[in-house]
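Peer 1: Sequence and predicted model, in that order:
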Amino acid sequence: MTRAEKNLHTGRRGILLGGGGLLLATLWPAASSRAATGMLVEDAPAPFAPNTYIRITPDNRITLILPNIEMGQGIYTSSVMLIAEELGVDLAQVEMEAAPPGSAEITGGSMSIMTEWMPLRQAGAAARTVLVQAAATRWGVGPESCAVGSGIITHAPSGRTLTFGDVAVDASKLPLPKEPPLKAATDYRLIGKPQHRLDSAVKVEGAAVFGIDVRVPGQKIGTVAACPVVGGTLRGLNRDAAMAVRGVVAVLVTDAKDAVCVVGEHYWAARKGLQALRVEWNVGPNGDVNTRTIYDQLHEGLKGPAIVPSPKGDAESAIAKSHASYSAIYQQPLLAHAPMEPINCTAHVRPDGCDVWTGTQVADRARDTASEITGLPKEKITLHSQYIGGGFGRRLEHEYVTQCLHFAKQVNYPLKIVWSREEDITRDRYRPAYVDEVTAGLNEKGRVTAIKHRVVGPAVVARWDPPELTKEGYDEDLSVATLVTPYSYDAYRLEFARREAPGVITAWWRGVGGTRGLFVVEGFIDELAERAGVDKVAYRRELAKANPRAVAVLDQVAKDAGWDTPVPNGRARGVALQFAFGSYMASIAEIEMPAPDTVLIHRVTAVVDCGQVVNPDQVISQIEGGLIFGFSAALYNEITLENGRVQESNFNTWRVMRMNEAPRRIDVRLMDSREDPGGIGEVGTAAAAPVLANAMAAAQGHRYRTLPLLSPRNLEKEAVR
Amino acid sequence: MMRHGLSRPSFLLALLAGTSLMSVGPAQAAPSVERGEYLARAADCEACHTVPGGVPFAGGRAFPVPGMGVIYAPNITPDPDHGIGKWTDDEFVRSVREGVSPGWKHLYPAMPYPAYARMSVDEVKDIRAWLATVPPSANTPSPNHLKFPFSIRAMMVGWNLLNGPASSYPDDPQKSAEWNRGRYLVEGPGHCADCHSPRTLTYGLSADRAFAGTVVNGLRAYNISPDKSSGIGGWSDEALAQYLSTGHADGHGTASADMAEVISFSLHYLTPADIHAMVVYLHDLKPQSSDDAASPPRKPAAGDDTLPQATKGARLFASTCAGCHLPDGSGRQSPFANIIGSRTLSADGGRNLVRIIMNGSTLTTASGNQIMPGFAGGNLSQRDLNDIAAFVMTHFTEATPSEDKLNAAAKGP
Amino acid sequence: MQTLRVNGQTHTVDVDPDTPLLWVLRDIIGLDGTKFGCGIAQCGVCTVHLDGRPVRACALQVSQIGDGAITTIEGLDDADPIVHAVKKAWIDLDVVQCGYCQPGQVMAAVGLLKTVKNPTDDQIDSAMSGNMCRCGTYMRIRKAIHLAAGEAV
């Protein structure tokens, strides 16, 4: 989703002036966004540049209003670091708020740091410039004679000091510099140095408010059942039985009759009410969809017409003319997100306005859907963004906000809907299933002369952001790790045969294109190296030789993991190299397989070049966690359908890697780099399946090209061997 | 003709009325809805005539009969068109006690009419009176899928000659009133032998091996004769009574799967006196030795938070099982999750163990449902589930698991 | 009516006996540091202490509690050296990511250290593997438990 995402970052940031008139309005903003928030009290300066909010009140409260939502990736801390570095405050001094619609960004695609790297620092620098100017003017000295630290402006020669709050009002009257000077990297006191997360304490104490924790006076709690088959509608329900359950206050049905909600004084009453309801559904046109239907359709797409984006040379004839050719077909399943915080949303719809409380990666869309459903203008909608208990792309969807409003508009109290875990898994919007076929032309040494790669699957962007589908019908997200790799080929041809899966709605995940593409490409390169009888690191180094950053991480990981040292008895190693989400990484997994269905991951070593690092330990944390998230999916996860119904339902059937299966050791090294920052949230996840599949292939002597790696599909073949 | 015989249980009930949940008078002319409800519970009508989670008594539940096909329980709600609303009382009695429905449809012995015949005509009419009060349902269950020649209902005429309905029998004056009441409940409405006695070649219940246990629907219905090692001979009266009335007894684990249903829909409604009577009778049965005995328990130290983590089964137990059962098996948040001493941990090569891990179990208790989720059909493979079973067998008992037996158990009937 | 002792306070709540403690804590008493994750005791995010032992509040019916003392994340005593050491280790090592599972992880870790002063990796695995983390913070949790065990001594 990288490109799509980028284009949605349309400079809609604005500035905020709070109520009470005590503020420094720093920063710049679009008049339209001010109108949208409904909170702004005066005209702000003309638009300056993309930016975020800083609010400093005369009592010296410094609040940073952060454009990207915190869902575990540590973006609050990093965003604050970027602003604070230039603004001249300490991390402990600031309060954090989620930006409202109109100034919030879409949070996804590992884009946050890439997008905010300049604007947040510029915001801090510009604010500091006018604050210093205001102090200097008051003292009658030159601004260059003033220093800033910890939110205090000091004039050393006279020993005078002023806090930011002291000069906030004065500063608000000064023009903002268009291009405030930014610090040299060598002067950073925060950026690049590990800072503790700012949301740790509140989360460890259980005091962080996630969407599901929102408590509004007078609220009731509903739980929902949507038709288990996409496209079906309500046939019948036993309303009286549900209403007879103690604590149940209402049974609501959407106008479209595609979902019901039982509302209670508390969740348990609602849940028991929903069970008593005994809902019956007309399943509609998708009642006969099975997993097999979906895979058959994908395999069928390996033949016939396809879209060919940006071909290089004539790969087909190059392959035909090659000494040899080699092909492989890879298959990947539908995947659920299953974030730990079940889907929820709270809404209070009134004749004169509407409040929505939820965790969302798409604040604007959440606000807009509320406006559409209530018929209220956007400025009458207040969205209160909450901490997200796991995003992974799930909350790039906002259909649960839409659903909540369809119910909430029917009642006059604030309504919180909380999905059961079963609802969360069976009515998720899934990472698509894909089938890929890759063909390489090879010279007599087994080196690549040309690559042809066909991807069969849906174009997620076509539903999620239709203008981003190219006019040929291509979804550029699929270029990640396929068209865009660390490797150079003389001839390359990517083909996309679009097949939208029947009976499921497909969506983003933790790195859709990068994650799916890397599994195929890094598996295939491994196969080619195997076939050529060449060391797998050396084979990759040769292919990537035009790309020094890629070669550097590869060589470093080989060194760190002891690639050239003998593998301990009973173990095996696999390697993967990637360029995705703007970052380079090479990884090596060392595993043991005491049985065909048992994988012990002893150690993963990763070397990352994500350009300038903002908060190093959080980058490491994202790689660790991203790998483990990816290992769960790579080893275990697959959504299956029977008669249009998803069969996995809760954590008894949707398996999540646990502590006793996770690697005991993950070593991550960050390369020292002054390149612009790359993304990091999805980098580890993308590596997980290929590095594990390659290690398993080394351990077993044969390869699984189908995910999940431990599926019965693979293990049955094992029994035959 | 039954008048005399049928007043006996009622009389006994009256004797026990001090602890009874219902008021029982002497034989009444008009059917008693209240008594009918109690007997319908004792006879466990609901469990079979309801799809799990479905409308009570609306039928549709499937009963696979090995070698014959699948029988679907009919709708016995008072709906006139889809249920039994149009039946006369006599037709209902004939159906319950003799296995012949209106129109001379011979019932298949999934319906335990041979046992129900031990109930009197008036008692069955009481059941009818209560069933007439449940909400009607228009559900039409699937027709039976039976292989020829079993699809010919008239075959049952011959079967009934061999295995057919018993009748109420007089009390044994040598035995206590409790024993006689227990016999009535166990052999009559409770129809315990329908699962717990092996079947003969003609699918009749074996008298020689009565209550020695057998396999039903792929699950071991345990030996409930008072044999010390393979039956319930080692259980105290209190433990057995607690197990039957609540579904759990410390040191014996928790009833699960089909037995959990019996407790949920039937036994937990019975009076303490009736439960005691059943215990008296069961403990007085002829001991039968069987080869499915549970292995001796191992005793992990109570409160020990350490499980070995060396095998996949052990790791899976720690992650997916210990959340309820605790590493030492003593139950984390519910006494019903205390599995220590349960026969299911080891009996019959882990047959029930593996199936319960696969399919889960729901037990209704006085305070609500105790639910174990099933783990089959998702991202855990059958090998994973077998590995959990094998770990449980070796960690908590001295059993030696066999992969083949676990696989066979997993495949089911 | 059910009477419960939560964090040293007595609450009388009017709910069905089968109501899981989780919903009484979250929706009635208003202690929502204890999270909902699965409802079937598979994920551990609802872990609280019952008489000092970690239990899953989503599968603990209020009628089964009796006069047991319930402690939630909000009620952990910071003066307790183990509690203090665990929370400090979590913050020092930046364990949390999204943080949704972490109250349950902290409750499970405190419960473990109360019974096993200096747990081995296997003991940590055994006690903690019922607590899921989708963000994958397991290695830091393990390190934090070792760190806390060292500091709480």
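Peer 2: Sure thing, it's come through.

Peer 1: ok, longest helix in chain A?
Peer 2: helix A:112-139 (DSSP state H).

Peer 1: In the stretch 151-300 of chain B, where is pLDDT below threshold?
Peer 2: B:161-162, B:164-167, B:300 (pLDDT under 70).

Peer 1: which residue ranges form the helices in it?
Peer 2: Listed in chain order, the helices of the stretch 151-300 of chain B (DSSP state H, counting those that start in this stretch) span B:155-163, B:177-187, B:193-196, B:237-246, B:257-265, B:272-283.

Peer 1: got the angle for the second one vs helix B:272-283?
Peer 2: Going back to what we said before, that points to helix B:177-187. On the basis of axes from the mean of the first three to the mean of the last three Cα atoms, to 10 degrees, helix B:177-187 is oriented at 80 degrees to helix B:272-283.

Peer 1: any idea how far helix B:177-187 is from the chain center?
Peer 2: 17 Å (Cα atoms, centre = their mean, to the nearest Å).

Peer 1: ok, now the shortest one?
Peer 2: Taking the mean of its C-alpha atoms, helix B:193-196 sits 8 Å from the chain's own mean (Cα atoms, centre = their mean).

Peer 1: so how many other residues sit close to B:G103?
Peer 2: Counted by other Cβ atoms under 10 Å in any protein chain shown, the residues lying close to B:G103 total 7. (C-beta placed from N, C-alpha, C; glycine too.)

Peer 1: sorry, back to before: could you dump the helices of the stretch 151-300 of chain B to a markdown table with distance to C:I40?
Peer 2: Output for those, formatted as a markdown table (distance: least, Cβ to Cβ, whole Å):
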| stretch | distance to C:I40 |
| --- | --- |
| helix B:155-163 | 43 |
| helix B:177-187 | 35 |
| helix B:193-196 | 28 |
| helix B:237-246 | 22 |
| helix B:257-265 | 16 |
| helix B:272-283 | 30 |
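
Peer 1: From chain B, how far off is the closest residue to chain C within chain A?
Peer 2: Relative to chain C, the nearest point of chain A is A:G206 (2.3 Å; Cβ to the nearest Cβ). Plainly put, A:G206 is 19 Å away from chain B if you go by Cβ to the nearest Cβ, to the nearest Å.

Peer 1: Name the residues of the longest helix of chain A that are buried.
Peer 2: A:112-136, A:139 (16 or more other Cβ atoms under 10 Å in any protein chain shown).

Peer 1: still on that earlier bit, residues contacting the closest residue to the residue of chain A closest to chain C other than its chain neighbours?
Peer 2: Of all residues not flanking A:G206 in the chain, C:G33 sits nearest, at 2.3 Å (Cβ to Cβ, 6 or more residues apart in numbering or on different chains). C:G33 makes contacts with A:205-207, C:72-74, C:103, as judged by Cβ atoms under 8 Å, 6 or more residues apart in numbering or on different chains.

Peer 1: Can you classify residue 105 by secondary structure?
Peer 2: Went with chain A since none was named. On the three-state scheme (DSSP: H, G, I helix; E, B strand; the rest coil), A:E105 is labelled coil.

Peer 1: how many other residues sit next to it?
Peer 2: 28.

Peer 1: low-confidence ranges in the chain?
Peer 2: If you meant another chain, say so; for now it's chain A. In chain A, residues with pLDDT under 70: A:1-52, A:719-721.

Peer 1: hm, I was asking about chain C
Peer 2: Looking at chain C by pLDDT under 70, you get C:152-153.

Peer 1: Walk me through the domains of it.
Peer 2: Listed by automatic domain parsing, the domain ranges of chain C are C:2-75, C:81-152.

Peer 1: Would you pull up how far the last one lies from the middle of the chain?
Peer 2: Yep, that's domain C:81-152 we're talking about. Relative to where its chain is centred, domain C:81-152 has its mean C-alpha point 11 Å off (Cα atoms, centre = their mean).

Peer 1: of the contacts of C:G33, buried ones?
Peer 2: Buried among the contacts of C:G33 by 16+ other Cβ under 10 Å: A:205-206, C:72-74, C:103.

Peer 1: These in strands, which ones?
Peer 2: Using DSSP state E, the subset of these located in strands is empty.

Peer 1: correct me, but C:I40 touches A:S649?
Peer 2: No - counting by Cβ atoms under 8 Å, C:I40 stays clear of A:S649, with 9.7 Å between them.

Peer 1: Which neighbours do the two have in common?
Peer 2: With Cβ under 8 Å, 6+ apart as the test, C:I40 and A:S649 both reach A:R421.

Peer 1: Leaving out chain neighbours, which residue sits closest to the closest residue to chain C within chain B?
Peer 2: Of all residues in chain B, B:G368 sits closest to chain C, at 2.3 Å by Cβ to the nearest Cβ. Take B:G368 and drop its neighbours on the chain: the residue closest to it by Cβ to Cβ, 6+ apart is C:D18, 2.3 Å away.

Peer 1: near chain B, which residues of chain C?
Peer 2: C:16-18, C:40-42, C:44, C:50, C:53-57, C:59-61, C:63-64, C:112, C:115-116, C:119-120, C:122-123, C:125-127, C:129-130 (Cβ under 8 Å from any Cβ of the partner chain).

Peer 1: what about the residue in the stretch 1-150 of chain A positioned nearest to chain B, how many neighbours?
Peer 2: Nearest residue of the stretch 1-150 of chain A to chain B (Cβ to the nearest Cβ) works out as A:G72 at 21.3 Å. Applying other Cβ under 10 Å, we find 30 residues neighbouring A:G72.

Peer 1: how far away is the residue lying closest to B:Y243 once chain neighbours are set aside from chain A?
Peer 2: Of all residues not flanking B:Y243 in the chain, B:A249 sits nearest, at 4.1 Å (Cβ to Cβ, 6+ apart). Going from B:A249 to chain A by Cβ to the nearest Cβ gives 26 Å.

Peer 1: need the contact list for B:A249.
Peer 2: B:235, B:239-240, B:242-243.

Peer 1: how about a cut-off of 10 Å?
Peer 2: B:235-236, B:238-243, B:255, B:335, B:338, B:341-342 (Cβ atoms under 10 Å, 6 or more residues apart in numbering or on different chains).

Peer 1: what pairs with it across the strands?
Peer 2: Counting by DSSP bridges, B:A249 is bridged to B:G253.

Peer 1: Would you check that the residue of chain B closest to chain C makes contact with C:Q64?
Peer 2: Yes - contact criterion Cβ atoms under 10 Å: B:G368 and C:Q64 qualify, at 9.3 Å.

Peer 1: I figured A:P486 was touching A:E542, is that so?
Peer 2: No - taking Cβ under 10 Å as the definition, A:P486 is not a contact partner of A:E542, at 11.6 Å.
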